[in-house]
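**Student:** Following is a predicted model, sequence given first.
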Amino acid sequence: MLRGEVSTGTATLEALRRVNSGLEERKERREVESLNRLPATLTEQFARLSKPDLLAHFRTRASPQFLPGFGDVARTADLQRQLFPLETEKLIAGARRIATEHCWPLLGFGEKCFGQGEIDWNLDPLSGSDWPLTYHADIELVRTDGSDARVLWELNRLGQLITLGRAYAVTNDEQFSAEVFRQLTSWRLQNPVARGVNWNCAMEVALRAINLLAVFPLILPAPQLTEDTLSELLMVLNQHGAHIRRNLEYSHIATSNHYLCDIAGLLWLGILLPELEDAAGWRGFAFEELLKEMDRQVLADGADYEASTGYHRLKAELFLYSFVLCHINGFDIEQKYWQKLRGMIDYIKAYLRPDGRAPLIGDTDSGQVMPIVRRSADDHRYVLALGAAVFHEPQFKDGGACPEEVLWALGESGVRDYSALPPGKSRQSQAFAEAGTYVLRQDDLYLLFNASASGLRGRGSHGHNDALSVEISACGTAFVVDPGSYVYTADPHERHLFRSTAYHSTVQIDEAEQNSIDEQAPFVIGDEAHPRLIRWETGEETDLVIAEHDGYSRLTQPVTHRRAVSFDKRQRSWLVADSFNGEGEHEFSFRFHFAPGLISTVRPDGMVEVLDDQNGARLLISARGLNTGPQFESRFSSRDYGNKHSSQSVCWKLRAAAPLVARFVLVPFAVGEDEHERMTNVSEARPSGRA
């Protein structure tokens with residue numbers, strides 16, 4: 001936490017906070033046995049009600065309002081069947097599999113089954129080892145047995161209960177509602193408050209609370225919701241709110257997606273359960289903090305400051321759902337924050353590839369807020385659609401069908417608003433200078449140039465060593481991609497590889513890392529590279545971006561890497577020019593990391609050909625100024641947490657003295673295009689390269 005520059009005042013505040021946090025922890029330890037027995041404390045008005053009257057109140061109350069689609073469940077269920085018939089069949093089949101077999105998809109691991117009997121909520125799905133029910137702050141998250149707390153946490157976020165609840169709303173089949181209550185009771189009995197890994201991280205407690213709040217309106221009509229089960233549910237939710245408030249993941253030095261989730265959970269509990277005595281305090285505190293964190297964590301150009309598109313999606317969901325929830329319940333949010341949220345959606349629109357998938361810059365753990373539909377880590381289109389409906393913005397409508405999230409989050413009017421929007425215009429090249437993201441695009445051609453820093457204003461935990469790397473998509477195919485993340489603590493070595501310089505489409509010198517990383521510190525990355533923009537131009541015929549970084553200034557003989565990318569829109573080609581300012585002889589490794597499933601070869605003329613045999617699209621890469629040939633390297637790529645596929649990178653490796661200049665011409669071809677004419681025109685148009 002003390003990486004980077006920290007003022008004396010900030011360090012003092014942080015020291016005091018940690019002292020107070022330690023005192024609070026000692027108090028919680030003393031009371032841990034009694035915390036699990038505390039019932040929900042209601043306000044005086046509701047504490048006076050009899051149990052039957054309290055149940056009747058919750059079943060008939062008109063306010064507060066949950067998200068519109070959950071508010072009018074009967075109408076939403078009708079529209080689900082009408083608008084999404086195939087998806088509804090899949091929903092019901094998935095819910096039946098959960099109810100009868102305890103099987104459902106878990107992150108990128110595919111379907112996992114958790115036993116015919118009672119689910120063991122503390123059994124690690126990867127290693128098969130149990131996590132202990134010791135005091136939550138004593139849990140060691142990084143173990144050496146192949147376990148991964150992130151995977152167990154996903155199970156314990158209880159997102160599968162939303163699937164069951166939606167299926168119950170659509171079918172009125174009590175098999176689904178009964179399973180909701182069985183799992184909730186089972187979970188409560190196995191997870192006493194403040195003990196075990198499922199209470200270790202307040203973020204996880206908050207996301208679980210949000211999911212339970214989403215399930216609540218879906219199972220309100222269920223006969224299993226009795227006076228006693230209502231008391232149990234209120235108790236669990238009250239315990240969640242109190243635990244979050246005691247264990248906020250705040251620091252005066254840096255906050256992240258963890259603290260943002262903490263306060264979102266408190267906000268939702270405070271708004272949706274005003275019957276709880278502590279709700280008003282949670283609500284007031286969290287509302288102010290949510291806006292402060294938007295100022296802190298969202299850059300002026302709309303990007304998340306953690307240098308991660310995966311966590312950008314998570315935060316965009318948090319703000320979207322939370323702002324809608326506040327709006328319909330009368331909590332006014334200043335227009336500047338709505339504009340900032342709009343900027344977050346615009347960033348998503350800009351970085352999505354022509355195939356609609358997201359480049360996985362930095363870390364991603366496939367996390368979703370309130371997973372109405374399970375989405376892979378690189379699927380961000382549904383957030384774009386939500387933004388289109390919320391802001392009535394055609395530019396956020398990419399022509400795809402309305403996703404189910406719009407119906408359930410925004411109700412019938414949201415679907416109507418989305419459907420009424422005309423399709424957005426073709427996306428243009430766009431620069432996000434604070435994020436360090438530059439998108440060069442026209443029609444089906446797309447190149448993302450990454451000049452982002454390590455994130456968190458120099459204290460990054462989710463950034464990768466990807467300075468000056470590129471992603472390239474053309475002719476319906478993603479050719480050059482970021483490898484993703486794969487896993488966190490389950491395999492420290494794989495974690496290290498996926499965020500390393502050698503796994504990204506940039507240049508490595510002397511096998512050094514751009515920023516210092518350590519296999520034994522999976523959530524620490526240095527801030528040595530400091531990428532910076534030199535030049536950005538965009539026009540009708542060409543785009544140009546130039547940036548450099550100092551990641552190799554730590555070498556005995558320092559070198560500065562500068563990369564220029566020129567996009568010739570008429571010739572449909574890119575020129576990537578790398579220059580190195582420094583002294584001494586070094587080993588330079590120039591890499592492009594290809595997407596899985598492509599066929600790559602070196603042709604007799606020395607050019608690298610990358611073929612998508614599904615649609616016939618090709619990418620040719622011609623190296624200029626290098627006296628060495630290309631070699632292929634075995635790699636992996638991951639588009640969902642826990643999932644990876646074999647892929648390749650191509651590498652030109654040579655020893656040479658700095659200064660040095662190397663160029664690469666990249667030309668895509670759709671099936672049937674005349675290669676000779678195209679390559680001749682490209683060579684004639686740029687004999688030496690404008691960049």
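**Tutor:** Alright, I've got the coordinates.
**Student:** Count the neighbours of the closest residue to Phe176 other than its chain neighbours for me.
**Tutor:** If you skip the residues right next to it in sequence, Phe176 has Tyr168 as its closest partner in space, 4.0 Å away by C-beta to C-beta, 6 or more residues apart in numbering. Where you see a C-beta, it was placed from the backbone N, CA and C, and this is true even at glycine. Residues near Tyr168, counting by other C-beta atoms under 10 Å, number 28.
**Student:** One more: Val193?
**Tutor:** Val193, neighbours per other C-beta under 10 Å, totals 24.
**Student:** So it sits against Val32, correct?
**Tutor:** Yes - with contacts counted by C-beta atoms under 8 Å, Val193 reaches Val32, the gap being 7.5 Å.
**Student:** Can you read off the pLDDT for Thr680?
**Tutor:** Looking at Thr680, its pLDDT is 74.
**Student:** and it, how many residues sit next to it?
**Tutor:** Neighbour tally, Thr680, other C-beta under 10 Å: 11.
**Student:** Mind giving me the packing neighbours of the longest helix along the chain?
**Tutor:** Using DSSP state H, we find that the single longest helix of the chain is helix 8-35. Packing partners of helix 8-35 (3 or more C-beta pairs under 8 Å, 6 or more residues apart in numbering; DSSP states H and E): helix 227-246.
**Student:** just the angle between the next helix or strand after the helix it packs on and helix 227-246, please?
**Tutor:** Next along the chain after helix 227-246, taking DSSP states H and E as the criterion, comes helix 257-272. Angle of helix 257-272 versus helix 227-246, following axes from the mean of the first three to the mean of the last three C-alpha atoms, to 10 degrees, is 140 degrees.
**Student:** okay, how far is it across stretch 485-502, tip to tip?
**Tutor:** End-to-end distance for stretch 485-502: 14 Å, by C-alpha to C-alpha, to the nearest Å.
**Student:** can you tell me the average pLDDT over that stretch?
**Tutor:** Per-residue scores along stretch 485-502 average to 96.
**Student:** Figure out how far it is from the centre of its chain.
**Tutor:** 17 Å (C-alpha atoms, centre = their mean, to the nearest Å).
**Student:** sorry, back to before: let me know the average pLDDT across the following helix or strand past the longest helix of the chain.
**Tutor:** Note on helix 8-35: by DSSP H and E, the next helix or strand toward the C-terminus is helix 44-47. What helix 44-47 shows for mean pLDDT is 96.
**Student:** try stretch 162-170
**Tutor:** Mean predicted confidence for stretch 162-170 is 98.
**Student:** State the separation between that stretch and the centre of the chain it belongs to.
**Tutor:** The chain centroid and the centroid of stretch 162-170 are separated by 25 Å, computed with C-alpha atoms, centre = their mean.
**Student:** Give the buried residues for the longest strand seen in the chain.
**Tutor:** Determined from DSSP state E, the single longest strand within the chain is strand 643-657. Residues of strand 643-657 classed as buried by neighbour count (16 or more other C-beta atoms under 10 Å): 643-644, 647-653.
**Student:** for stretch 113-121, same thing?
**Tutor:** Within stretch 113-121, the residues that count as buried by 16+ other C-beta under 10 Å are 114, 119, 121.
**Student:** can you redo the buried residues of strand 643-657 as TSV with distance to Arg37 and pLDDT?
**Tutor:** TSV is the format used below for the buried residues of strand 643-657 (distance: C-beta to C-beta, whole Å; pLDDT from 0 to 100):
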residue	distance to Arg37	pLDDT
Asn643	41	96
Lys644	45	97
Ser647	53	97
Gln648	58	97
Ser649	57	98
Val650	62	98
Cys651	61	98
Trp652	66	98
Lys653	64	97
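**Student:** now for the least confident helix or strand in the chain by mean pLDDT, which elements pack on it?
**Tutor:** Confidence across the helices and strands of the chain bottoms out at helix 675-685, with a mean of 71, counting by mean pLDDT, DSSP states H and E. Packing contacts for helix 675-685, counted by 3+ C-beta pairs under 8 Å, 6+ apart, involve strand 660-669.
**Student:** tell me the SS of the closest residue to Ile509 other than its chain neighbours?
**Tutor:** Leaving aside its chain neighbours, Ile509 sits nearest to Tyr552 (4.8 Å; criterion: C-beta to C-beta, 6+ apart). In three-state terms, and counting by DSSP: H, G, I helix; E, B strand; the rest coil, Tyr552 is coil.
**Student:** can you check the one 10 residues further on too?
**Tutor:** Classification of Arg562 using three-state DSSP returns strand.
**Student:** pLDDT value on it, please?
**Tutor:** pLDDT at Arg562 comes out at 98.
**Student:** which residues does it bridge with?
**Tutor:** Assessed by DSSP bridges, Arg562 has beta-bridge partners Glu548, Ser579.
**Student:** How about the contacts made by it?
**Tutor:** For Arg562, the contacting residues are 534, 546-548, 578-581, by C-beta atoms under 8 Å, 6 or more residues apart in numbering.
**Student:** can you do 10 Å?
**Tutor:** 468, 532, 534, 546-549, 577-581, 661, 691 (C-beta atoms under 10 Å, 6 or more residues apart in numbering).
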